[in-house]
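Asker: Predicted coordinates and the sequence they were generated for:
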Amino acid sequence: MRPFTYERAIDPEAAVAAVSKAGAKFISGGTNLLDLMKLEIERPIHLVDISRLPLKDIKEEPDGGMRIGAQATNSDVAADIRVRTRYPVLSQALLAGASGQLRNKASVGGNLLQRTRCPYFYDTAASCNKRDPSSGCAAIGGINRGHAILGASDACIATHPSDMAVAMVVLDAEIELLDADRATRRIAIGDFHRLPGTTPHIETALKTGEMITGVVLPAPPEGRQFYRKVRDRASYAFALVSVAVVVATERGTITSARVAFGGVAHKPWRAKEAEAALTGGTATMATYWAAAEAAMAGATGRGHNDFKIELAKRTLCRTLAHAAQEN
Amino acid sequence: MATMTGQPINRIDGPLKVSGKATYAYEHWDVGEPLYGFIVGATIGKGRIVQIDTTGAERSPGVRMVMTYRNAPAQGPRDASIPSQYSRAYPMLSGPDIHHYGEPVALVVATTYEQARAAASLVEVEYAVLSGHFDFAKRLDKAYAPKAVNAGLATDSAVGNFDTAFKSADVKIDQVYTTPYQFSQPMEPHCCLAVPNGDDLTVYVSAQILAEAHTAIASTLKIDPLRIRLVTPYVGGGFGSKLGIHGETILAALAARALKEPVKIAMTRQQIFHLVSVRPATSQRVRLGAGRDGRLVALGHDVTMFTSPISEYAEQSATSARGLYAAPNRLTRHRLTALDLPRGEDVRAPGEAPGLHAFESAMDELAHALNMDPIELRILNEPKVHPEEGIPFSDRRLVECMREGARRFGWERRPAKPASVRDGRWLVGYGMAAAIRGQFQMTSKAKVRMGPDGIAVVQSDMTDIGTGTYTIVAQVAADALGVPLDRVRVELGRSDYPAGAGSGGSWGASNTCTSVHRACMALREKLRIGKIPAEGMEAEGEIAAMSEEPNYKNYSIFTYGAHFAEVGVDVDTAEIRLRRMLGVFAAGRILNAKTARSQLIGGMTWGVSSALLEDGTVDARTGAFVNRDLAEYLVPVHADIPEIDAILLDGFDGKANELGAKGLGELGNCGANAAVANAVFNATGVRVRDFPITLDKVLPALPREV
Amino acid sequence: MSLSTVGDTKNAENATENAKVALTVNGRVRQLELDPRTSLLDALREHLHLTGTKKGCDHGQCGACTVLINGRRINSCLTLAVMHADDEIVTIEGLGSPDALHPMQAAFVLRDGFQCGYCTPGQICSAIGMLAEAKAGWPSHATADVAAQTTALTDAEIRERMSGNICRCAAYPNIIAAIRDVAEGDRG
């Protein structure tokens, strides 16, 4: 870990001003940043501690939605009874991620900005376009069991590791940002994370110096929500595939559906094609399979991860069946 | 006096461990402030250092030394003629050649850990890369026969005429099973604190066998062993990986002697994957030929595994098959193929763990082919004497373990037809496998001194790596001396104490306790005839190696067990989860029922882990282990391990030693993996022979539910 | 705008200036001068010599370094010491001593909830933090209905909630038994 200086920001405006220096970075929970700093993957020279900023509130909004402060911990959000009752998919996703200790430390903002767990990204001796642009992608032709099947490029086949963000995608969350000029903006979570393309090192729409201040959830969508995570180990492991769904049915017909996948792409993957295939269809396995095929129509395996395509389909069908049956 | 031996008493070191007061190698603060070392590893799999620039690191704040092959002190060479690889010198930074990925190329020593780690990243190395061999599957055809395998066991064995008998057998199983690279990964990283005092050196080392570590350090440093003292009161797990010393110990010692200050080094978790013991990947062909009645006529087990070309290691994976079942025609063989990977070393239950994984899976396949109960098949082939050596068994209770286990587990509820039982979204199956493990006796010494205060102090360089040594030694000593437990103090883990057997090969408990017992009986005799002088009265006890003990030639002395597992396999995703597990074991006299059960449960969990999770993957382009941390190299967490229980049959094997005790540290990990694998087959009807059984290997064979 | 700065940015490439930080550990305020890079774990072990907190992986992948910060369990390896000036830190040494064990420590001894002992302080701190979370009504991944107000602390719940603490000796069933003893004692 390279030397750095440390400061604790007193308020959000001070924080964005402080991070404008070259080589400066925010630190909040630190559970991903320090992990990467110890391995020389992240090398900030100045850390601005934003963990104590007054951005921890989880509040109800007048429109029936909620606003979650970026510095709320993953645990706080998962345990909030309003989140649990109105956005159970978010609580479930958070609880499926990491461990109790990590959730107690990790912030909502930091979770959105988590970097990939690709082992070649983690190995500074390996080529990685994300870590070292134009150096190549060692995962292609390497060990890629955990890698992306959707939206990947020849430059990068890494996945986004977050569970929380997958749930936020089906909830149509918006991310609230503050920049160094004290201007705020909101961006839809679907537009926040990027696909790798030729620039996998640019992972989000965050501009230099911008800070996530909160996440806004619109009023809960109609229907039943569910998050299902598939992994090798029963707990404390990253997803091979995960699925977040929100499904509403009326007399056996699907009136609305939202679907997103985790563990399959460089970003939490909203499957609009699957949603279209579901909406108006009957709540039956045949419809779910049609949706699964639609969702995975563009999927490509890289060898070791080929199984994810079938796994994602099956997981989606079962999750939809589970969510629809109790509507 | 009530008998203490066998009682399920709490660990006597427990209060220290649960309160954070047990000091491990890196934690001795009475020696003053140490310097911190950080190892720099090679980032190629094979080749040569052509340039190494340490100026940036040397200029970095706090740095006291950067050691590379150019300035490392001369060290003793590795001497392959010394039978135990753990006693051989372990030179570090001895030249520019790189033999495997991660091999140390530099050591940075600095005032603080942060400084050492930062400076380590500034060491710049330029390599000439040579093409290496890293792909096991592609080198199977280059396999050769080693002179002997682990523990000096024979490379091959043959009885009768296997080929002819197998060819004409009514029912045949002929399958290839593969097992992956596995790592011990104890929770305490490999670490060392070396403290110089003039020409003397105290080494706080995390090691299982001090006498071997002592020899290895002395011969590497080329100094008089009497000048070196090892201190190891607690070890945070070993599982074979601390049988020998590794780079951190030698580098800390070299740096401490050069700088004349204490130096400590801990490997990072990532480094441990390349710098410490790997269990070799194997490819195993098992051939079983039987009559329609299930009686085996031919039994063959061929194992090929990788070895490092510079330090040969052959796991004795086909040797379990030599003593497990009767068959008139038999063939077992071990072959090695060289790869440019870190050297193979012992990982818990070397030989049995991978060997029984394959062999006991094949027995399950045979039972299925014969439409026979797997237990009945095994009972039918129970031998009367050792099937290859012809000698009697000292105490063989495999059938009893299977019968008792079947009764307790409810084996009669096993689905007779695979893939026939559902519980909600889970396919449910039962599996079983036999456990067998050799009993070893090594030389072992212990000393006991009784003071005028009536306190007996037992001393041995034996270690307690979580096995419960402190506790069982106290129990055995209390009984032998006829004193209450609180009159016994146990002092372990110092090289200036008499050399015990050390913790390894499941021999620690029975060997150490037998020598302690003899020391105590000798002291008791002395006490009977004399009075305790002011300085106390002392006696020693000793046992000889098994090669000197006729019983170990005249009898087949083994431990046995039977594993039973119930698994669930998700009908949609093929996720595999253990639901419950039971093991029944016979290991002679049990020295402490509580700690013995704990060790067996631990071993069984290792079996679950090797069946379902652990899988070291090599990038065949570079020779690097790709999943080299605990987020990617998966070992079980709490949620993976529901109800597991271990039952110990009461016993006494007087042929093993006068205590009647045998080892059991590895027995729980012998065959447990096969029981889980067999349960997966019973649940799904899908036989995966490429271990571990992960969901991607089962999924294609599971029908879609539409 | 107001900032409290430690270290000197312009020399950051070469050196770090130590930061003064007061840590409250086990009820005692400890004044330290630390390299800002020092993890809380290393501050405890290497500076305060509180070696009961263990370094197993240093990357939040094993749980051996678990301590309680303001009553909540965290991995002390993945946080900087300088970030904890205002916190109440409790380590294994603050829970009990060999002669006066905390009930959780005593339960671990009785149930043989450890072998080598290296993950044990982390397991114990984690168990105490976990029981507080359960008492506060937090659901877990094992909870069928996260919206339910209360959840029974079954063995499956305890296992899921303790899954951030790896025990390679695999004392898992015994650890669960120890925690259950304490949880039931609390209820009774």
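Answerer: Ah, there it is.

Asker: For whichever residue of the stretch 1-150 of chain A sits closest to chain C, which non-adjacent residue is spatially closest?
Answerer: As assessed by Cβ to the nearest Cβ, chain C sits closest to residue A:99 within the stretch 1-150 of chain A, at 2.5 Å. The way it works is simple: take the backbone N, C-alpha and C, and place the C-beta from them, glycine included. Nearest residue to residue A:99, sequence neighbours excluded (Cβ to Cβ, 6 or more residues apart in numbering or on different chains): residue C:164, at 2.5 Å.

Asker: Contacts only, for the one you found.
Answerer: Residue C:164 makes contacts with A:98-102, A:236, B:637, C:63, C:66, C:75, C:126, as judged by Cβ atoms under 8 Å, 6 or more residues apart in numbering or on different chains.

Asker: try it again with 7 Å
Answerer: By Cβ atoms under 7 Å, 6 or more residues apart in numbering or on different chains, residue C:164 lies in contact with A:99-102, A:236, C:63, C:126.

Asker: wait, what's in contact with residue 69?
Answerer: Defaulting to chain A. Applying Cβ under 7 Å, 6+ apart, the residues near residue A:69 are A:55-58, A:214.

Asker: Can you look at chain C instead?
Answerer: Residues in contact with residue C:69 (Cβ under 7 Å, 6+ apart) are C:84, C:87, C:89.

Asker: Distance of the residue of the stretch 51-200 of chain B found nearest chain A relative to residue B:528?
Answerer: Closest approach between the stretch 51-200 of chain B and chain A, counting by Cβ to the nearest Cβ: residue B:121, at 5.0 Å. Using Cβ to Cβ, to the nearest Å, residue B:121 is found at 66 Å from residue B:528.

Asker: just to revisit the earlier point, farthest pair in the contacts of residue A:69?
Answerer: Pairwise distances across those (Cβ to Cβ) peak at 10.7 Å, for the pair A:55 and A:58.

Asker: And for residue B:511, the neighbour number?
Answerer: Neighbour count of residue B:511, defined by other Cβ atoms under 10 Å in any protein chain shown: 29.

Asker: So chain B: which segments form each domain?
Answerer: Listed domain ranges for chain B are B:31-130+B:185-276, B:145-183+B:283-377, B:396-435+B:556-706, B:442-544 (source: automatic domain parsing).

Asker: Strands of chain C, start to end?
Answerer: Applying DSSP state E to chain C gives strands spanning C:3-6, C:19-25, C:28-34, C:66-69, C:72-75, C:88-90.

Asker: just so I know, which of those lies nearest residue B:20?
Answerer: Among these, strand C:66-69 comes nearest to residue B:20, with 10.6 Å by Cβ to Cβ.

Asker: if we can go back for a sec, are any of the contacts of residue A:69 buried, and if so which?
Answerer: Neighbour-count burial (16 or more other Cβ atoms under 10 Å in any protein chain shown) is assigned, among those, to A:55-56, A:58, A:214.

Asker: rewinding a little: of residue B:121 and residue B:528, who's got more company?
Answerer: Comparing residue B:121 with residue B:528 by other Cβ under 10 Å, the one with more neighbours is residue B:121, at 19 against 7.

Asker: State the pLDDT value of that one.
Answerer: The model reports residue B:121 with a pLDDT of 97.

Asker: Let me see the contact set for it.
Answerer: Listed by Cβ under 7 Å, 6+ apart, the contact partners of residue B:121 are residue A:40.

Asker: now do 8 Å
Answerer: Neighbours of residue B:121 in contact, by Cβ under 8 Å, 6+ apart: A:2, A:40.

Asker: Repeat that for the one 3 residues further on.
Answerer: Taking Cβ under 8 Å, 6+ apart as the criterion, residue B:124 is in contact with B:51-54, B:56.

Asker: Swap in 7 Å and give it another go.
Answerer: B:53, B:56.

Asker: circling back: deepest in the core, which of the strands of chain C is it.
Answerer: Mean neighbour count (mean count of other Cβ atoms under 10 Å in any protein chain shown) peaks for strand C:72-75 among the strands of chain C, with a mean of 30.

Asker: Tell me where the model's unsure across chain B.
Answerer: For chain B, the stretches with pLDDT under 70 are B:1-2.

Asker: what's the closest non-adjacent residue to residue B:655?
Answerer: residue B:394 (3.5 Å).

Asker: If you could redo that for residue B:348, that was the one I meant.
Answerer: In space, residue B:348 is closest to residue B:239, 4.3 Å off (Cβ to Cβ, 6+ apart).

Asker: Kindly report the same for residue A:27.
Answerer: The nearest residue in space to residue A:27 (Cβ to Cβ, 6+ apart) is residue A:47, at 4.6 Å.

Asker: Residue A:140 too?
Answerer: residue A:157 (6.0 Å).

Asker: before we move on, what SS does the one you found have?
Answerer: Following DSSP: H, G, I helix; E, B strand; the rest coil, residue A:157 is assigned to coil.

Asker: A helix includes residue B:285, no?
Answerer: No: read with three-state DSSP, residue B:285 is strand and lies in no helix.

Asker: wait, isn't it in contact with residue B:173?
Answerer: No: Residue B:285 is not in contact with residue B:173 according to Cβ atoms under 7 Å; the separation is 10.5 Å.

Asker: okay, the two: which has more neighbours?
Answerer: Each of residue B:285 and residue B:173 has its neighbours counted (other Cβ under 10 Å); residue B:173 has more, 22 against 17.

Asker: In this structure the more buried one contacts residue B:364, no?
Answerer: No: the pair residue B:173 / residue B:364 is not scored as a contact, 9.4 Å apart, by Cβ under 7 Å.

Asker: which SS class is residue A:312?
Answerer: helix.

Asker: Local confidence estimate at the closest residue to it other than its chain neighbours?
Answerer: What sits nearest to residue A:312 in space, not counting adjacent residues and going by Cβ to Cβ, 6+ apart, is residue A:241, at 4.7 Å. Per-residue pLDDT puts residue A:241 at 98.

Asker: go on, residue C:4?
Answerer: Here, the pLDDT recorded for residue C:4 equals 37.

Asker: again with residue C:17
Answerer: Reported pLDDT for residue C:17: 84.

Asker: Pull the number of nearby residues for it.
Answerer: Residue C:17: 15 neighbours (other Cβ under 10 Å).

Asker: in chain A, which residue is closest to the centre?
Answerer: By Cα atoms, centre = their mean, chain A has its centre lying nearest to residue A:165, at 2.9 Å.

Asker: if I pick that residue, what's in contact with it?
Answerer: Here residue A:165 is in contact with A:111-112, A:189, A:268 (criterion: Cβ under 7 Å, 6+ apart).

Asker: before we move on, back to that, output the domains of chain B in a markdown table, with distance to residue A:302 appended to each entry.
Answerer: A markdown table is the format used below for the domains of chain B (distance: least, Cβ to Cβ, whole Å):
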| stretch | distance to residue A:302 |
| --- | --- |
| domain B:31-130+B:185-276 | 22 |
| domain B:145-183+B:283-377 | 20 |
| domain B:396-435+B:556-706 | 13 |
| domain B:442-544 | 41 |
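
Asker: measure the residue of the stretch 1-150 of chain A closest to chain C to residue B:355 for me?
Answerer: As judged by Cβ to Cβ, residue A:99 and residue B:355 stand 35 Å apart.

Asker: Name the nearest residue to residue B:633, ignoring sequence neighbours.
Answerer: residue B:627 is the one closest to residue B:633 (Cβ to Cβ, 6+ apart), at 4.8 Å.

Asker: what does the stretch 151-300 of chain A have sitting close to chain B?
Answerer: A:230, A:232-237, A:285, A:289 (Cβ under 7 Å from any Cβ of the partner chain).

Asker: Narrow those residues to those in helices?
Answerer: A:285, A:289 (DSSP state H).

Asker: Of the residues of the stretch 151-300 of chain A next to chain B - the most surrounded one?
Answerer: The most crowded member of those is residue A:236, carrying 29 neighbours; neighbours defined as other Cβ under 10 Å.

Asker: which ones are touching it?
Answerer: Residue A:236 sits next to A:99, B:637, C:163-164 when contact means Cβ under 7 Å, 6+ apart.
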